[in-house]
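[1] Build the 3D model from these lines:
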Amino acid sequence: LRVEARGPDAAEAASVLARVLAEGSGERPGDAPAPSASSAPTAASTAEPVATRSPVTDANEFTGVSASPGLAVGNVVQFRQQVIDVNEAGESPQRERAQLEAARHQARQQIEALKATLTDASKAQILAAHLELLDDPDLNDMAIASISEGKGAGFAWRAAFQKQAGTLEKLGNPLLRERAGDIRDVGRRVLALLAGVRQAQIDVPQDSILIAEELSPSDTTSLDRSKVLGFCTTTGGATSHVAILARSLGIPAICGIDPRALQLADGTPVVLDGSRGSLRRDPSADELEQAHQRISRQAAKREAEKFAASKLAMTADGHRIEVVANIRNAQEARDAVAAGAEGVGLLRSEFLFDARDTAPSEDEQAAEYCAVAEALGRERPLVVRTLDVGGDKPLSYLPLPKEDNPFLGLRGVRVSLARPDIFRTQLRAILRAAPLGNLHVMFPMIATIEEVQSARRILLEEAGDRAASVKVGVMIEVPAAALIAEPLAREVDFFSIGTNDLTQYTLAMDRGHPQLAKQADALHPAVLRLIGMTVEGAHRHGKWVGICGGIASDAMAVPVLVGLGIDELSVSIPAVGSVKAQLARLTMAEASKLAADVLRLGTAAEVRAHLSRFAD
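    Reported below is the predicted structural model:
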């Protein structure tokens with residue numbers, strides 16, 4: 001007999017089963033027929049656990065990356081992008097160029113009209129990016145050069161945007177790779193206008209689960225939520241614009257799913273689990289019943305979360321944990337307060353520096369920081385992270401030297417210290433918000449005490465007599481910072497753990513890598529141990545610790561984070577209610593025991609299995 005096992009408890013299960021077989025499975029010696037001379041060796045000599053073998057693939061299970069949480073039960077509808085035919089040969093170059101310009105102008109009007117109807121900031125930002133792509137000089141120059149060679153406007157434009165999208169997809173930067181979908185979306189919009197073709201709307205029956213190689217942001221925005229219950233794409237990732245839109249629409253979604261899903265026949269019944277990144281085809285009656293029960297529980301939870309959102313965040317036994325929000329601007333600050341957030345644990349100041357040709361002035365920045373502070377009021381904390389660029393976040397007007405590995409080069413506070421002119425301007429602007437609120441300044445990507453001391457010295461020089469009213473903290477995103485948490489805590493007022501970067505630096509896995517992203521799990525025991533060390537070092541000096549990475553918004557992770565001693569959870573705005581509700585169901589004793597239990601485990605899969613009861 002050969003024993004195989006898969007899953008988080010594989011080694012233990014295989015070992016126990018092998019032992020049971022070797023001992024005769026509880027049967028008496030006379031119960032079994034005598035073996036023939038040709039029988040295989042006894043179980044005792046051959047039952048060998050094989051827990052390290054690659055798990056057998058379940059033909060009915062398709063996995064990918066969680067793009068938008070939630071559960072849906074429906075039927076497959078395969079979606080294919082409309083094929084638009086164009087002539088290769090053009091008329092006169094002047095006529096073809098005029099047609100291209102007219103189509104681009106019309107596309108701009110369409111996007112602006114659509115943008116004007118949106119109230120959701122994330123959707124509006126995506127469409128604003130599409131408007132910029134329409135004016136991309138490289139894209140347009142490429143198309144015009146082809147037209148000058150005698151090609152038709154449609155043919156030239158299609159070749160240009162497909163080439164540019166293909167170039168982006170080959171880059172090492174995951175965020176830039178995912179922008180290829182936006183270029184194709186804008187490109188197809190212009191191409192349809194050039195060809196005189198009306199882009200088909202996605203018209204599907206009730207209870208549809210869309211499967212596609214790619215969905216554009218335009219496709220996603222136009223989905224009929226009364227009919228489309230969820231979708232899967234073989235391309236994209238959790239940071240793609242399609243994933244962001246899915247989360248804003250509340251549609252369960254998976255990106256980067258196994259390409260085998262494209263072969264599923266229309267009408268195939270499936271269960272889509274956006275939270276776990278899995279699609280189950282032809283579910284059994286029991287699996288359907290379990291899915292419907294989970295959907296009912298989730299609906300009940302949402303009602304409880306609405307109630308919890310308005311309450312002060314604390315555990316069932318009265319232990320206070322602050323629940324604040326990650327935001328980008330004043331509108332999101334107002335949205336966060338309305339959702340029940342008790343402050344802002346991360347204001348991403350990059351929004352002021354992105355998508356422009358020059359750095360923002362002190363007055364421009366100050367106006368935005370003051371608007372956020374006014375939206376929060378004087379009591380709610382406002383944590384402003386100083387400029388966090390470099391690595392996967394370049395700025396056109398802040399050229400950095402070419403680096404073989406930018407994630408290990410000039411990033412975060414290193415850029416600020418290298419450009420004190422930009423750093424001091426930003427600090428002065430931030431400090432102008434101090435009289436309006438409870439201001440905290442936070443430095444990103446700290447690895448050494450010397451970096452903190454240098455950054456803090458510059459801040460104090462700019463603050464002058466306002467220094468006493470401002471709290472200073474650092475991001476714990478590098479394992480080195482977690483390992484020196486105690487001496488680091490002497491230098492600052494608080495820590496905030498950025499689990500996204502901490503995970504990729506701890507596991508040496510790019511969180512945007514197409515093959516490794518699934519394994520770059522913040523619930524890996526190594527990451528959890530670093531979080532525990534950070535909390536321990538900070539608390540020895542009476543300093544508080546928050547988490548502003550993605551794990552803080554994960555209801556499954558909240559009990560462990562509380563058990564590790566986290567004082568603040570800074571979450572996405574939609575997660576405020578669910579995190580507060582999760583806290584209200586916990587006691588500190590339960591959370592502490594849970595944290596101690598998972599720290600003894602060896603893999604992220606084992607941790608997730610241990611926490612699975614908190615997922616629904």
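[2] In the sheet, which strands lie alongside the strand ranked longest in the chain, parallel or antiparallel?
    The strand that spans the most residues within the chain, counting by DSSP state E, is strand 71-79. Sheet pairing of strand 71-79 (DSSP bridges) gives strand 208-212 (parallel), strand 269-273 (antiparallel).
[3] Number of residues surrounding I257?
    When neighbours are counted by other C-beta atoms under 10 Å, I257 registers 26. Using the backbone N, CA and C atoms, a C-beta is placed for each residue, glycine as well.
[4] wouldn't it be in contact with T235 here?
    No. The pair I257 and T235 does not pass the contact test of C-beta atoms under 8 Å, sitting 9.3 Å apart.
[5] tell me the domain boundaries of the protein?
    The chain breaks down by automatic domain parsing into domains covering 3-50, 61-80+201-296, 93-195, 320-614.
[6] Could you pull out the strands in the stretch 451-600 of the chain for me?
    471-476, 494-497, 544-547, 568-571 (DSSP state E, counting those that start in this stretch).
[7] Let me know whether my guess that Y397 is in a helix holds.
    No. Looking at Y397 with DSSP: H, G, I helix; E, B strand; the rest coil, it is coil, so not inside a helix.
[8] so what's it up against?
    Each residue near Y397 by C-beta atoms under 8 Å, 6 or more residues apart in numbering is listed here: 356-359.
[9] Tell me which two of these sit farthest apart.
    D357 and A359 (9.4 Å; C-beta to C-beta).
[10] higher neighbour count, those two?
    Just comparing D357 and A359: by other C-beta under 10 Å the higher neighbour count belongs to A359, 19 against 7.
[11] Assign a three-state SS to that one, would you?
    Per three-state DSSP, A359 ends up coil.
[12] I figured it was touching L398, is that so?
    Yes. Here A359 lies in contact with L398, judged by C-beta under 8 Å, at a distance of 7.2 Å.
[13] list residues touching both of these two?
    Going by C-beta under 8 Å, 6+ apart, residues that sit against A359 and also against L398 are 353, 422.
[14] low-scoring stretches of the stretch 301-450 of the chain, by residue?
    355, 391-394 (pLDDT under 70).
[15] That one: helices as residue ranges?
    Taking DSSP state H, counting those that start in this stretch, the helices of the stretch 301-450 of the chain run over residues 330-338, 362-376, 413-418, 420-431, 449-463.
[16] on contacts alone, who are the packing partners of the second one?
    Using 3 or more C-beta pairs under 8 Å, 6 or more residues apart in numbering; DSSP states H and E as the contact test, the elements touching helix 362-376 are helix 330-338, strand 344-348, strand 381-385, helix 420-431.
[17] who are the neighbours in contact with the closest residue in space to A480 that isn't next to it in sequence?
    Nearest residue to A480 in three dimensions, chain neighbours excluded: A447, at 4.9 Å (C-beta to C-beta, 6 or more residues apart in numbering). The contact partners of A447, taken as C-beta under 8 Å, 6+ apart, are 478, 480-481.
[18] Please indicate which of those are buried?
    Among the contacts of A447, the ones that count as buried by 16 or more other C-beta atoms under 10 Å are 478, 481.
[19] what sits against the closest residue to L410 other than its chain neighbours?
    Leaving out its chain neighbours, the residue that sits closest to L410 by C-beta to C-beta, 6+ apart is G390, at 4.8 Å. Going by C-beta under 8 Å, 6+ apart, G390 touches 400, 406, 409-412, 414-415.
[20] Measure how far the longest strand of the chain is from the centre of its chain, please.
    Averaged C-alpha coordinates place strand 71-79 at 23 Å from its chain's average position (C-alpha atoms, centre = their mean, to the nearest Å).
[21] What's the separation between the nearest residue to R419 once chain neighbours are set aside and F353?
    Distances taken as C-beta to C-beta, 6+ apart put L398 closest to R419, at 7.0 Å, once the chain neighbours are dropped. Going from L398 to F353 by C-beta to C-beta, to the nearest Å gives 8 Å.
[22] So which of these two has more stuff around it?
    F353 (20 against 17).
[23] mind checking which of the strands of the stretch 451-600 of the chain is nearest I144?
    Taking these one by one with C-beta to C-beta, strand 471-476 is closest: 44.8 Å.
[24] Check which helices and strands that closest one is in contact with.
    strand 438-443, helix 449-463, helix 479-483, strand 494-497.
[25] Now that strand: average pLDDT?
    On average, the pLDDT along strand 471-476 is 97.
[26] got CSV for the strands of the stretch 451-600 of the chain, with distance to D219 too?
    Listed next are these as CSV, based on distance: least, C-beta to C-beta, whole Å:
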stretch, distance to D219
strand 471-476, 36
strand 494-497, 36
strand 544-547, 34
strand 568-571, 29
